[in-house]
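K.L.:
Sharing a model prediction with you, sequence too.
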Amino acid sequence: MAEEKKPLLIKRYASRRLYNTETSDYVTLEDIAGFIREGREVQIVDLKSGDDLTRQYLLQIIAEHESRGENVLPVNVLNDLVRSYMVPGGGVVPQFLQASFDMLRDSQSKMMENMSAMNPMAKMPGFEAMKAQQEAFLKAMTGGLSGSWSGPGRETDKGTEEGEELDDIKKQLAELQEKLSKLS
């Protein structure tokens, strides 16, 4: 089995500047977003304290993209995320999101397998360009996702409010997946 690539280490200096330890230069949040889109895992640590700041900076990248009008997350999904923080133990939302992205990644991988050279459509003009575009989309959608959720969580009964919220989130995710499939 291939060894997993080590995350790109970014150090934050006291001046709040971000330093790429691989290339020995300073980077911006947009640079970090680019690394993630390319499929790299990143880890951002405070140089002085050694604290892991990755989560904080990834949320900041998402917030900046949302504020520029690149609305990826509908307001009702954002509301559900905020609500999930109010549930003791973290609720089921993080596990559900991780499972949903795992499902998306798996279905995208299967779709790419179906677009292999053995497929009769592979001889059609423009097929290679379409395949490359689909691979880029897959990489952009799933490149920065880790394999499993390691946060807190607990299971809930379907009859509870949390179970109903989970059903709402599942419905919203299904709608998002449908929109994504129409885009690709």
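P.N.:
Okay, I see it.
K.L.:
buried stuff in stretch 66-77?
P.N.:
If you call a residue buried by 16 or more other C-beta atoms under 10 Å, then stretch 66-77 has these buried ones: V77. (Glycine included, C-beta is placed from N, CA and C.)
K.L.:
neighbours of the closest residue to P74 other than its chain neighbours, just the number please.
P.N.:
When the adjacent residues along the chain are set aside, P74 lies closest to Q172, with 6.9 Å between them (C-beta to C-beta, 6 or more residues apart in numbering). Around Q172 there are 15 other residues, counting by other C-beta atoms under 10 Å.
K.L.:
L81 is in contact with Q172, correct?
P.N.:
No: the criterion here is C-beta atoms under 8 Å, and Q172 misses it with L81 at 11.0 Å.
K.L.:
Following element in sequence after the lowest-mean-pLDDT helix or strand in the chain, please.
P.N.:
The weakest-scoring helix or strand in the chain, judged by mean pLDDT, DSSP states H and E, is helix 127-142 (a mean of 67). Downstream of helix 127-142, the next assigned helix or strand under DSSP states H and E is helix 161-183.
K.L.:
quick one: that next one to chain centroid distance?
P.N.:
Counting by C-alpha atoms, centre = their mean, to the nearest Å, helix 161-183 is centred 16 Å from the centre of its parent chain.
K.L.:
How about stretch 48-68?
P.N.:
The chain centre lies 13 Å from the centre of stretch 48-68; the measure is C-alpha atoms, centre = their mean.
K.L.:
Average pLDDT for that stretch, rounded please.
P.N.:
Computed over stretch 48-68, the mean pLDDT rounds to 91.
K.L.:
low pLDDT regions in the chain?
P.N.:
For the chain, residues meeting the criterion pLDDT under 70 lie at 1-4, 89-91, 112, 114-124, 135-163, 184.
K.L.:
Okay, domains of it per the record?
P.N.:
Here the domain assignment for the chain is 8-67, 75-183, based on automatic domain parsing.
K.L.:
mind checking which helix or strand Q43 is in?
P.N.:
Remark: Q43 resides in strand 42-46, with elements defined by DSSP H and E.
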